[in-house]
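*Asks:* would you be able to build a 3D model of this:
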Amino acid sequence: MAMPLESPISFTNVGRIRWWQRGIFASQTGYVLLALAVLLVVMHFASPYFFTEGNMQNVAKNFSFIAIATLGVTFVIITGGIDLSVGSMMCFSAMITSMVMTELSAPGSPAGSLFVHMAADGKTVLANVPGLILLVSLLAGLGVALLAGLVNGFCIAVLGLSPFVTTLGMLSIVRGLGYVVSNGRGSFPGGPDADYFYALTSGDVLGVPVPFIYLVVLAVAMAVMLHHSAFGRHVFALGGNEKAAELTGIPVVRVKIEVYVICALAAGLQGIIISGWLGSAPANMATSYELNVIAAAVIGGANLAGGIGGPLGAIVGCVLLEVIRNGLVLAQVSSYWQQTLVGVIIILAVLVDRIRSRMI
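*Replies:* Purely as a prediction, here's the structure:
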């Protein structure tokens with residue numbers, strides 16, 4: 001006798017992705033983007049000046065002043081590390097760049113005759129090779145950042161010191177060296193290449209601030225490096241499980257040193273750009289900037305435990321902080337509230353991500 005066929009069993013819950021696990025809600029960066037969109041709408045109605053061309057240029061320029069350093073810190077955070085020395089590194093690189101530029105532009109200095117000469121009027125200083133002083137000065141500023149990054153990476157990767165303690169020490173060392181070489185006084189970019197310096201750091205191209213252009217180029221380069229190179233895969237693997245990464249043959253020591261070097265170079269470049277906007281490199285420049293940089297990275301989705309992060313989140317976090325600051329100014333609210341709001345946003349961002357993770 002033929003047996004009746006039973007209806008097939010179906011599991012309707014298998015393979016179904018819940019709404020908070022897909023699309024824009026799949027990462028913390030998505031929630032922050034949503035919060036930023038809401039904030040932009042609120043600011044549009046709160047102030048008629050917010051979406052003006054001039055204010056948008058200010059926002060683009062101002063958030064670029066920490067975003068490049070945030071890209072560098074994000075590299076370190078993805079590996080499960082931290083770099084507290086970025087603010088001091090910004091100042092030191094900017095000071096070295098300005099001081100070298102001024103020194104090489106002085107005809108009476110030991111190296112000055114190699115780079116400048118006096119004009120026929122006996123008063124005007126001319127460059128022997130236009131742009132050469134600027135190039136050497138930039139290399140000097142980035143060179144000290146490279147050295148600091150190497151020291152950080154060596155102490156952490158080779159000696160096994162704590163990233164927090166190591167970079168906290170470097171914060172004091174670099175800030176102290178800045179005061180030593182400058183005697184506590186600010187330095188000013190000068191000489192025949194000064195105009196080139198200001199054009200490259202605080203100028204604009206077709207109305208777009210130059211720092212913003214640098215940011216876009218570096219963010220694209222970071223995205224390609226993280227997601228389309230062996231180095232990027234190694235960085236994520238290191239943050240996910242360092243011991244497992246080492247067992248699979250990933251050069252853990254080399255990758256760690258490289259990410260701290262990248263972070264230091266990004267901070268050095270950021271400091272040089274800021275000094276061009278300020279017109280000088282004061283000895284107290286970028287004090288406590290490391291807090292804003294790390295806050296922007298964490299708000300944008302970088303996980304301090306490692307393994308998660310990217311350029312989009314870093315930029316979104318920076319934009320959110322700048323929109324808050326700019327909005328408070330336009331609303332004539334005390335700027336002191338900014339730090340309070342930043343702290344609240346950090347806690348909320350981490351809380352939302354923790355709740356979302358538990359619901360998966």
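*Asks:* make it CA atoms for all contacts and neighbour counts henceforth
*Replies:* Will do.
*Asks:* so which residues of the stretch 51-200 of the chain form helices?
*Replies:* For the stretch 51-200 of the chain, the helices defined by DSSP state H, counting those that start in this stretch occupy 53-78, 86-104, 112-115, 132-153, 163-182, 194-202.
*Asks:* which of those helices is buried the deepest?
*Replies:* Burial of the helices of the stretch 51-200 of the chain is given as mean neighbour count (mean count of other C-alpha atoms under 10 Å); helix 86-104 ranks first at a mean of 29.
*Asks:* state the mean pLDDT of that one.
*Replies:* Average pLDDT, helix 86-104: 93.
*Asks:* could you check the angle it makes with helix 53-78?
*Replies:* Helix 86-104 runs at 110 degrees relative to helix 53-78, counting by axes from the mean of the first three to the mean of the last three C-alpha atoms, to 10 degrees.
*Asks:* what would the helices of the stretch 51-200 of the chain look like in a markdown table with distance to residue 40?
*Replies:* Output for those, formatted as a markdown table (distance: least, C-alpha to C-alpha, whole Å):
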| stretch | distance to residue 40 |
| --- | --- |
| helix 53-78 | 12 |
| helix 86-104 | 28 |
| helix 112-115 | 49 |
| helix 132-153 | 36 |
| helix 163-182 | 35 |
| helix 194-202 | 26 |
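*Asks:* check the ones you listed for me: which has the lowest mean pLDDT.
*Replies:* Comparing mean pLDDT across the helices of the stretch 51-200 of the chain, the weakest is helix 112-115, with a mean of 75.
*Asks:* what sits up against that one?
*Replies:* For helix 112-115, contacts defined as C-alpha atoms under 8 Å, 6 or more residues apart in numbering pick out 103, 104, 105, 106, 107, 127, 128, 129, 132, 133.
*Asks:* repeat that with 10 Å
*Replies:* Outside helix 112-115, the residues that touch it by C-alpha atoms under 10 Å, 6 or more residues apart in numbering are 102-107, 126-133.
*Asks:* quick one: which of the helices of the stretch 51-200 of the chain is nearest residue 344?
*Replies:* helix 53-78 (19.3 Å; C-alpha to C-alpha).
*Asks:* tell me the phi and psi of residue 308?
*Replies:* phi -140, psi 140 (degrees, to the nearest 10).
*Asks:* count the residues that sit near it.
*Replies:* Neighbours of residue 308 under the rule other C-alpha atoms under 10 Å: 21.
*Asks:* if we only consider the contacts of helix 112-115, which is nearest to residue 336?
*Replies:* Residue 336 lies nearest to residue 102 out of those, by C-alpha to C-alpha, at 36.2 Å.
*Asks:* any idea how far that closest one is from residue 52?
*Replies:* From residue 102 across to residue 52, the span is 38 Å (C-alpha to C-alpha, to the nearest Å).
*Asks:* pLDDT averaged over the helix or strand where residue 258 lies - what is it?
*Replies:* Here residue 258, judged by DSSP states H and E, is contained in helix 252-278. Average pLDDT, helix 252-278: 95.
*Asks:* which helices and strands sit right next to it?
*Replies:* Other helices and strands packing on helix 252-278, by 3 or more C-alpha pairs under 10 Å, 6 or more residues apart in numbering; DSSP states H and E, are helix 53-78, helix 86-104, helix 132-153, helix 194-202, helix 210-227, helix 230-240, helix 242-247.
*Asks:* quick check: buried residues in it?
*Replies:* 252, 255-277 (16 or more other C-alpha atoms under 10 Å).
*Asks:* and that helix, how far from the chain's centre?
*Replies:* In terms of C-alpha atoms, centre = their mean, to the nearest Å, the centre of helix 252-278 is set 8 Å apart from its chain centre.
*Asks:* got the angle for it vs helix 230-240?
*Replies:* Going by the same axes, to 10 degrees, helix 252-278 makes 100 degrees with helix 230-240.
*Asks:* quick check: next helix or strand after helix 252-278?
*Replies:* Trace forward from helix 252-278 with DSSP H and E and the next one is helix 289-299.
*Asks:* any idea how far residue 309 lies from residue 149?
*Replies:* As for residue 309, its distance to residue 149 is 20 Å (criterion: C-alpha to C-alpha).
*Asks:* try residue 159
*Replies:* 14 Å.
*Asks:* ok, residue 110 next?
*Replies:* Distance, residue 110 to residue 149, by C-alpha to C-alpha: 30 Å.
*Asks:* circling back: mind putting the contacts of helix 112-115 into JSON lines with distance to residue 79?
*Replies:* Shown next, in JSON lines, are the contacts of helix 112-115 (distance: C-alpha to C-alpha, whole Å):
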{"residue": "102", "distance to residue 79": "39"}
{"residue": "103", "distance to residue 79": "39"}
{"residue": "104", "distance to residue 79": "40"}
{"residue": "105", "distance to residue 79": "42"}
{"residue": "106", "distance to residue 79": "44"}
{"residue": "107", "distance to residue 79": "47"}
{"residue": "126", "distance to residue 79": "47"}
{"residue": "127", "distance to residue 79": "44"}
{"residue": "128", "distance to residue 79": "45"}
{"residue": "129", "distance to residue 79": "43"}
{"residue": "130", "distance to residue 79": "42"}
{"residue": "131", "distance to residue 79": "38"}
{"residue": "132", "distance to residue 79": "37"}
{"residue": "133", "distance to residue 79": "37"}
